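Enquirer: 3D, please:
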Amino acid sequence: MVGAAAPTRDAVLAVLDEVMDPEVPVLSVRELGIVREVEVAGDGAVTVTVTPTYSGCPAIQVIEQDILSALEQAGYRASVRTTYAPAWTSDWIESAARAKLKAYGIAPPGRSESGGGLVQLMRHRAAAQCPYCDSRDTELRSEFGSTACKSVCWCRACRQPFEEFKAI
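Expert: Next up is the predicted model:
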């Protein structure tokens, strides 16, 4: 940024609020909870630290590029740093973002069972709540949905298929 005031953290966060997740386009990368930190150096350089939802998330490169593009368009010199620790958890999705998921037709995740620790494999999980009719009379049809972070479910009450964002 030549000749302009140095960016503020709040200004950078406002730009990031407009960067949508490519796999869940109803949520910004901030709402999804993958933006972990924003640093503004004395020379105006911006560093955004992100944590992918999964270590093998196929969208992370697109997310990083979208962040860089948005910040560049806003006139900022920026870099993105990816970190895997602490591991992302669906508990980082705020309640307003969970409501957006439901309105979009994706069942929001329940609270993570890991408590920040290891997730027990083959755990019993509660039935997803249908985002269309709010019924809990649902069944898991496939652990793997259109993305690694979603499962495919079926509602017995309204007979609608829907995706559930996994709680991890």
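
Enquirer: the domain parsing of the chain - what is it?
Expert: 9-82, 95-165 (automatic domain parsing).

Enquirer: now find how far off-centre the first one is within its chain.
Expert: Its chain's C-alpha centre lies 11 Å from the corresponding centre of domain 9-82 when counted by CA atoms, centre = their mean, to the nearest Å.

Enquirer: do the same with the shortest one
Expert: Put simply, domain 95-165 sits 15 Å off its chain's centre (CA atoms, centre = their mean).

Enquirer: identify the residues contacting the residue positioned nearest the centre of the chain.
Expert: With distances taken as CA atoms, centre = their mean, Leu32 lies nearest the centre of the chain, 2.6 Å away. Leu32 makes contacts with Asp21, Val24, Thr53, Trp92, Ile93, Ala97, as judged by CB atoms under 8 Å, 6 or more residues apart in numbering. The way it works is simple: take the backbone N, C-alpha and C, and place the C-beta from them, glycine included.

Enquirer: most neighbours out of those, which is it?
Expert: Thr53 (27 neighbours; other CB atoms under 10 Å).

Enquirer: for that one, phi and psi?
Expert: phi -60, psi -30 (degrees, to the nearest 10).

Enquirer: what residues of stretch 77-86 count as buried?
Expert: Using 16 or more other CB atoms under 10 Å as the test for burial, stretch 77-86 gives Arg77, Ala78, Val80, Thr82.

Enquirer: specify the local secondary structure of the third one.
Expert: Look at Val80: counting by DSSP: H, G, I helix; E, B strand; the rest coil, its state is strand.

Enquirer: do I have it right that it meets Glu64?
Expert: Yes. With contacts counted by CB atoms under 8 Å, Val80 reaches Glu64, the gap being 4.5 Å.

Enquirer: re the thing from before, mean pLDDT and distance to Trp88 added to the domains of the chain, as JSON lines?
Expert: Converted to JSON lines, the domains of the chain look like this (pLDDT from 0 to 100; distance: least, CB to CB, whole Å):
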{"stretch": "domain 9-82", "mean pLDDT": "95", "distance to Trp88": "5"}
{"stretch": "domain 95-165", "mean pLDDT": "86", "distance to Trp88": "9"}
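
Enquirer: most tightly packed of these?
Expert: domain 9-82 (a mean of 17; mean count of other CB atoms under 10 Å).
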